[in-house]
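>>> Here is a sequence together with a model predicted from it:
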Protein chains: 2
Amino acid sequence: MNKWIGLDIGGTKILGALYGEDNKSIAQSKKKTKAQEGVEIVMEQVFKVIDALYETIPKDETSTLLGIGIGVPGIVTTDGIVKFSPNIPFKDFELKSLIEKRYQVPVSVGNDVNVAMFGEYKFISDPANKNVLGLFVGTGIGGAIIIDGELYVGQGAAAEFGHIVVNADGAFCGCGAQGCLEAYASKTAMQRYVETQLSKGRLSVLKDFHEKDGAVIKSSTLQKAYEANDTLAVEVIQYASKYLGIAIGSLVNMFHPDLFILGGGIMESLGKEMMPLVLKEAERHAMPSLLDSVRFEISKLGDDAGIYGAFQLIKRD
Amino acid sequence: MNKWIGLDIGGTKILGALYGEDNKSIAQSKKKTKAQEGVEIVMEQVFKVIDALYETIPKDETSTLLGIGIGVPGIVTTDGIVKFSPNIPFKDFELKSLIEKRYQVPVSVGNDVNVAMFGEYKFISDPANKNVLGLFVGTGIGGAIIIDGELYVGQGAAAEFGHIVVNADGAFCGCGAQGCLEAYASKTAMQRYVETQLSKGRLSVLKDFHEKDGAVIKSSTLQKAYEANDTLAVEVIQYASKYLGIAIGSLVNMFHPDLFILGGGIMESLGKEMMPLVLKEAERHAMPSLLDSVRFEISKLGDDAGIYGAFQLIKRD
């Protein structure tokens, strides 16, 4: 039986899984990334995860590891070099060739969000959808472009949907630019919106959660507050949905895709509430009739999207 | 010798040319579109242009017409059906199959701006540039997406770059939406900007031209006024350049392309003046380092881009 390994190298943990031809996960492994301890320690952790999965493969003639797929945060070139990663000490790091040399199998490396959304696309597995966009709304905003069934990365960094400018002279973004989608509709932006309002003395059930949870309001907390009709929760969700809708309208005008997948913690917790608002705003901005033929789906794989997408990335190669 | 016909069906005139294997135009033909006289008259005009070109092909065994490529304004499906055209009475019109039936050769139909920018791309003819964006700045704004050397149209209407939202609660656009690039940086938008300022009593050399030329200020007039340091001309060019730069920054973050071609009357007349301003603003919005590896070119074919692109569209098929 042919086997593949899918690896999701995150800022805090490395997830890995072994997959078979039926696309089912056979074994999993997990280690801390230890990003603060430098690139050599990180690579040791990566090897440990791969080795643990490799050892589960029966040592007989019918079992073969055909390749390793990897998702990693940051900018990855089409040659599998990690140019830069925001939270792992990779800098012009030849990740693909290093893993290929050690394990003597083909390796494919992609940006973590590209790869995760590609996983969601392959999981939906409908051959009618050839041109697909993935929009990932989490702490930051990213995405994926799938053209004719294949992940499109341009020179490596394509699909940075968080950094579409939606408001020319608007809010400053973590990236240094102004008016980016991420500055309006990411979890970070929603959090900032809520904090600003609370600091002005606004009454909201989010105040208790904010004090209890510390710096981060959970998506599920926001969802409960929205259901309870908390005005601040309703307001921030309307605010983020508006800008997501604007970006989606623009993206439909640019790509006229078959399918649009919305993923990430915000969409998985609040998708049901946000989608009608998002689509209403997208309808305002998409060219007449274009939106009608675009299918929308909320992502389904949660934290497994990264390893599943990494597996699919190498299975396809 | 193999031959192909490239056809550019515009709102006022139909241009056609016969091309040989060396990509050189052998014969040209031109007729009025007569769009007001209904779809049957328009098709008669189209046939006349094709027939005139067809007759120039020597009737011997070595000369063969291999296909006809067509660019037409509006939304064209991947099956060559014109869903809708803003200025020609085509509505769910089966243009491809109709021409194929009549001339018994393969026909390829695309949106006029997509096709023209594809022509510019093929004319540059550098195999290193596989993923390319074309931005057409004229009366309206459109574009083209070239992925792996092929025109990408999604479900048919992709690359509507004029309708990227650059300013969420901004200017209303002719399409009915709000904040579109076209409402800021098209010739129409620049014209409106100038008129508003003149109506407020602003002094400008554009005033004379406006009175002389009537409703439309020519790009070349604007160029001369800019060179003469006319403050209103400088201002409107800075204004349009800012929004073009924002859109280009967003597009680079989305596509990370090899090459970006800027075309249309505005860019062909004012490209030299606008490009430094456009790129400075794009630099503000593109993710760090992405812009460095993107090549920029101004289009070169002028009015021939449509027929040349149409020819290349069918030559490739």
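Thanks, I have the structure now. Residues are numbered from 1 along each chain as shown, chains lettered A, B, ... in the order given.

>>> Could you list the residues of the stretch 201-317 of chain A in contact with chain B?
Those residues of the stretch 201-317 of chain A that sit near chain B, judged by CB under 8 Å from any CB of the partner chain, are A:242-243, A:246-247, A:249-250, A:253-258, A:284-290, A:293-294. Just so you know, the C-beta spots here come from the backbone N, C-alpha and C atoms, and that holds for glycine as well.

>>> and those residues, which of them are in helices?
A:242-243, A:246-247, A:249-250, A:253-255, A:284-285 (DSSP state H).

>>> sorry, back to before: quick one, which of the residues of the stretch 201-317 of chain A next to chain B are buried?
Buried by 16 or more other CB atoms under 10 Å in any protein chain shown: A:242-243, A:246-247, A:249-250, A:253-258, A:284-287, A:290, A:294, out of these.

>>> what about residue A:175, how many neighbours?
Number of residues near residue A:175 (other CB atoms under 10 Å in any protein chain shown) recorded here: 18.

>>> and what of residue A:149?
Neighbours around residue A:149, by other CB under 10 Å: 13.

>>> Over to the one 3 residues further on?
Other residues within reach of residue A:152, judged by other CB under 10 Å, total 20.

>>> Is it in contact with residue A:143, as I believe?
No - if you go by CB atoms under 8 Å, residue A:152 and residue A:143 don't touch, sitting 11.0 Å apart.

>>> so where's chain A uncertain?
A:210-215, A:317 (pLDDT under 70).

>>> how about a cut-off of 50?
Nowhere does chain A drop to pLDDT under 50.

>>> Just the helices from the stretch 201-317 of chain A, written as ranges.
A:206-213, A:219-227, A:231-255, A:265-285, A:305-316 (DSSP state H, counting those that start in this stretch).

>>> shared neighbours, residue A:152 and residue A:143?
residue A:159 (CB atoms under 8 Å, 6 or more residues apart in numbering or on different chains).

>>> Leaving out sequence neighbours, find the closest residue to the residue of the stretch 201-317 of chain A found nearest chain B.
Closest residue of the stretch 201-317 of chain A to chain B, CB to the nearest CB: residue A:256 (3.2 Å). Sequence neighbours aside, residue B:154 is the residue nearest to residue A:256 in space, at 3.2 Å (criterion: CB to CB, 6 or more residues apart in numbering or on different chains).

>>> which SS state does that neighbour fall under?
Per DSSP: H, G, I helix; E, B strand; the rest coil, the secondary structure class of residue B:154 is coil.

>>> how about it, what does it touch?
Taking CB under 8 Å, 6+ apart as the definition, contacts of residue B:154 comprise A:131, A:255-258.

>>> picking up where we left off before, of all pairs in the ones in helices among the residues of the stretch 201-317 of chain A next to chain B, which one spans the longest distance?
With distances taken as CB to CB, the most widely separated pair in these is A:242 and A:255, at 20.7 Å.

>>> neighbours around residue A:92, how many?
So residue A:92, with other CB under 10 Å, has 9 neighbours.

>>> For it, which three-state class applies?
strand.

>>> quick one, what contacts it?
Residue A:92 neighbours (CB under 8 Å, 6+ apart): A:81-84.

>>> and what of residue A:206?
Counted by CB under 8 Å, 6+ apart, residue A:206 has contacts A:194, A:198, A:217, A:221-222, A:225, A:230, A:232-233.

>>> quick one, what contacts residue A:41?
Residue A:41 sits in contact with residue A:34, where contact means CB under 8 Å, 6+ apart.

>>> most surrounded residue in the contacts of residue A:92?
In the contacts of residue A:92, the most neighbours by other CB under 10 Å go to residue A:82, 25 neighbours.

>>> Need the nearest residue in space to that one, chain neighbours excluded.
Looking at residue A:82 with CB to CB, 6+ apart, the closest residue is residue A:90, at 4.0 Å.

>>> any idea which element the residue most central in space within chain A lies in?
Centroid-nearest residue in chain A, with CA atoms, centre = their mean: residue A:113, separated by 3.3 Å. Per DSSP states H and E, residue A:113 falls inside helix A:112-124.

>>> relative orientation of the next helix or strand after that helix and helix A:219-227 in degrees?
Once helix A:112-124 ends, the next helix or strand along the chain (criterion: DSSP H and E) is strand A:132-137. Angle, strand A:132-137 to helix A:219-227, by axes from the mean of the first three to the mean of the last three CA atoms, to 10 degrees: 90 degrees.

>>> Now do strand A:132-137: which elements does it pack against?
Using 3 or more CB pairs under 8 Å, 6 or more residues apart in numbering or on different chains; DSSP states H and E as the contact test, the elements touching strand A:132-137 are helix A:112-124, strand A:141-147, helix A:231-255, strand A:259-263, helix A:265-285.

>>> Remind me what the third one packs against, helices and strands.
Packing contacts for helix A:231-255, counted by 3+ CB pairs under 8 Å, 6+ apart, involve strand A:132-137, helix A:182-185, helix A:187-199, helix A:219-227, strand A:259-263, helix A:265-285.

>>> Kindly recompute the last result at 7 Å.
strand A:132-137, helix A:182-185, helix A:187-199, helix A:219-227, helix A:265-285 (3 or more CB pairs under 7 Å, 6 or more residues apart in numbering or on different chains; DSSP states H and E).

>>> Need the CA coordinates for the first one. PDB is fine.
This file holds the C-alpha atoms of strand A:132-137, laid out as PDB (Å, rounded to 0.1, in the frame of the first residue of the first chain):
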ATOM      1  CA  VAL A 132     -11.700  27.600  -6.300                       C
ATOM      2  CA  LEU A 133     -10.900  30.300  -3.800                       C
ATOM      3  CA  GLY A 134     -10.300  29.700  -0.100                       C
ATOM      4  CA  LEU A 135     -10.500  32.500   2.400                       C
ATOM      5  CA  PHE A 136      -9.100  31.800   5.900                       C
ATOM      6  CA  VAL A 137     -10.300  34.100   8.700                       C
END
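
>>> Walk me through which strands it pairs with, and which way each runs.
strand A:141-147 (antiparallel), strand A:259-263 (parallel) (DSSP bridges).

>>> out of those, deepest packed?
Mean neighbour count (mean count of other CB atoms under 10 Å in any protein chain shown) peaks for strand A:141-147 among those, with a mean of 27.

>>> With just CA atoms, put that strand into CSV.
Provided in CSV are the C-alpha atoms of strand A:141-147 (Å, rounded to 0.1, in the frame of the first residue of the first chain):
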residue,chain,number,x,y,z
ILE,A,141,-6.5,36.4,7.2
GLY,A,142,-5.0,34.3,4.4
GLY,A,143,-6.3,32.2,1.6
ALA,A,144,-5.6,29.9,-1.4
ILE,A,145,-6.2,30.1,-5.1
ILE,A,146,-6.9,26.8,-6.9
ILE,A,147,-6.8,27.0,-10.7
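
>>> Can you lay out the helices of the stretch 201-317 of chain A as JSON lines showing distance to residue A:39?
Shown next, in JSON lines, are the helices of the stretch 201-317 of chain A (distance: least, CB to CB, whole Å):
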{"stretch": "helix A:206-213", "distance to residue A:39": "33"}
{"stretch": "helix A:219-227", "distance to residue A:39": "32"}
{"stretch": "helix A:231-255", "distance to residue A:39": "35"}
{"stretch": "helix A:265-285", "distance to residue A:39": "28"}
{"stretch": "helix A:305-316", "distance to residue A:39": "20"}
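
>>> Quick one: closest of the ones you listed to residue A:45.
helix A:305-316 (15.3 Å).

>>> which helices and strands sit right next to that closest one?
strand A:2-9, strand A:13-20, strand A:64-72, strand A:107-111, helix A:112-124.
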